[in-house]
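1. turn this into a structure:
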Amino acid sequence: MNYDSIAAKLSGGRKLIYVHGNADCDAVGSAYALAQCFGDSVVCAPAGVERIARMVCDKLSIELSENEDPASFDRIVVVDCSSPDQLAPAEVPMERTIVIDHHRVNGKWDGAELYCDDTAVSCAQVVRRIIKTTGYVPEGDCARVLAAAMLTDSGRFAYADAVLLREFADLLDESGLFMDEALDVIRAPITMSERVADLKCVGRSRFERVGDMLVAVSYGGSFEASGCHALLSSGADVAYVATQRDGTFRISGRATQQIVRRGVHLGQILSSLGTEVDGDGGGHAGAAGVSGTGDMEAMLNICMAKTMNVFREIKRREEAGTNPTE
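-> Next up, the predicted model:
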């Protein structure tokens, strides 16, 4: 990827930087860092941000817009977003849009300029490489929010690789940021509502097993990601938690790093589900989501069935003594 070329295209002109619906710290941090580096930018979250990202914005006084007219800007930039559907209700003019991402390419950004490194654990890594070519050094809140992005998207390094660890260390070194300062940005007490939601999620769960691999599913009204982690902590290798709003559903999926190394890729599983149900799905190997029109119980059944098929293939492969690359 030619980072100098991307930086040149972001230089000059007024920019509208979009983050996906229910945006996480990686999306917000990536957008904020681009705005700080290239200036004359507005960061827009048309469908809101998730709880931790909102807390980070409050701590660092990061202002987000909710509704902007793309026609008022010279360039549209979208970060950490695998599909234009995730920007609803906003619509972007593809011919004027640059997409900077790290999810698996799915063809949904055809017509836009897509710059994607799906080997990066966080989108913030890609953004940092871009701004590094300009000579801009992230400091203060910009360094904090980039660190928060890398920390949260790697599960506080549980899903990190050597590249992310080196780039995170470089960020601390060049910015003068200390590790405790980076962690403080994302540190938040677990609310009573979240604790109750997690307990209810575990109580409603059901699971299936293939060999030594377990997949669990459940549902709730909020805190889907937290519910997934509660199920993983209870012993599941893969967990899905769904919510229903009228005729639409949303499902979050999480997997342990051990099962990812054995061959599970939630982004692939939920991307295929999104295609089948006229929804939108995708993400990373260990963390992904899908949303669309339909019944959440039926969708959870499909998630479980697809995951068990993957488990069976892993079991067959391991018994045969082969690996995914053979």
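2. ok, now which ones touch the residue nearest to A160 when sequence neighbours are not counted?
-> Leaving aside its sequence neighbours, A160 sits nearest to S154 (CB to CB, 6 or more residues apart in numbering; 4.2 Å). The way it works is simple: take the backbone N, C-alpha and C, and place the C-beta from them, glycine included. Residues near S154 by CB atoms under 8 Å, 6 or more residues apart in numbering: V121, S122, A160, L164.
3. for R144, see how far away S154 is.
-> S154 is 16 Å from R144, where distance means CB to CB, to the nearest Å.
4. show me where this structure has its strands.
-> 15-19, 41-44, 75-79, 97-101, 113-116, 206-210, 213-219, 238-245, 248-255, 280-283, 287-293 (DSSP state E).
5. ok, which of those comes nearest E319?
-> strand 206-210 (11.9 Å; CB to CB).
6. mind listing the strands that closest one pairs with, and their directions?
-> In the sheet, strand 206-210 lines up against strand 213-219 (antiparallel) (DSSP bridges).
7. hmm, back to that, just the contacts of S154 now: which is nearest I186?
-> I186 has its nearest neighbour among the contacts of S154 in S122, at 12.9 Å by CB to CB.
8. excluding chain neighbours, what is closest to R129?
-> Y3 (5.0 Å).
9. any figure for the gap between the residue nearest to A160 and H284?
-> S154 sits 10 Å away from H284, going by CB to CB.
10. can you list residues touching both of the two?
-> Common neighbours of S154 and H284 (CB under 8 Å, 6+ apart) are V121.
11. pretty sure L273 is touching G279, no?
-> Yes. The criterion here is CB atoms under 8 Å, and L273 meets it with G279 at 7.3 Å.
12. what do those two both touch?
-> Shared contacts of L273 and G279, defined by CB under 8 Å, 6+ apart, are found at V290.
13. any idea how far I269 is from H102?
-> I269 is 18 Å from H102, by CB to CB.
14. oh sorry, the question was meant for A236
-> From A236 to H102 the distance is 26 Å (CB to CB).
15. quick revisit: would you turn the strands of the chain into TSV with mean pLDDT and distance to T133?
-> Output for the strands of the chain, formatted as TSV (pLDDT from 0 to 100; distance: least, CB to CB, whole Å):
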stretch	mean pLDDT	distance to T133
strand 15-19	97	17
strand 41-44	97	17
strand 75-79	96	16
strand 97-101	96	13
strand 113-116	95	13
strand 206-210	97	47
strand 213-219	97	43
strand 238-245	95	39
strand 248-255	92	34
strand 280-283	80	28
strand 287-293	88	29
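16. and those: which comes nearest S30?
-> S30 sits nearest to strand 75-79 of all the strands of the chain, at 4.3 Å, using CB to CB.
17. need the residues that contact the closest one.
-> 9-10, 13-19, 27, 30-31, 34, 41, 70, 84, 87, 92-93, 96-101, 112, 123, 127.
18. just the buried subset of the residues you listed, please.
-> 9-10, 15-19, 27, 30-31, 34, 41, 70, 84, 87, 92, 96-101, 112, 123, 127 (16 or more other CB atoms under 10 Å).
19. rounded mean pLDDT for stretch 182-192, please.
-> Across stretch 182-192, pLDDT averages out at 87.
20. which parts of that stretch are buried?
-> A182, V185, I186.
21. isn't the last one right up against A53?
-> In this case it means I186. No. Look at I186 against A53 with CB under 8 Å: they stay out of range, at 9.4 Å.
22. please enumerate the shared neighbours of these two.
-> In contact with both I186 and A53: C25, using CB under 8 Å, 6+ apart.
23. coming back round to it: how far away is the residue nearest to A160 from Y18?
-> 23 Å.
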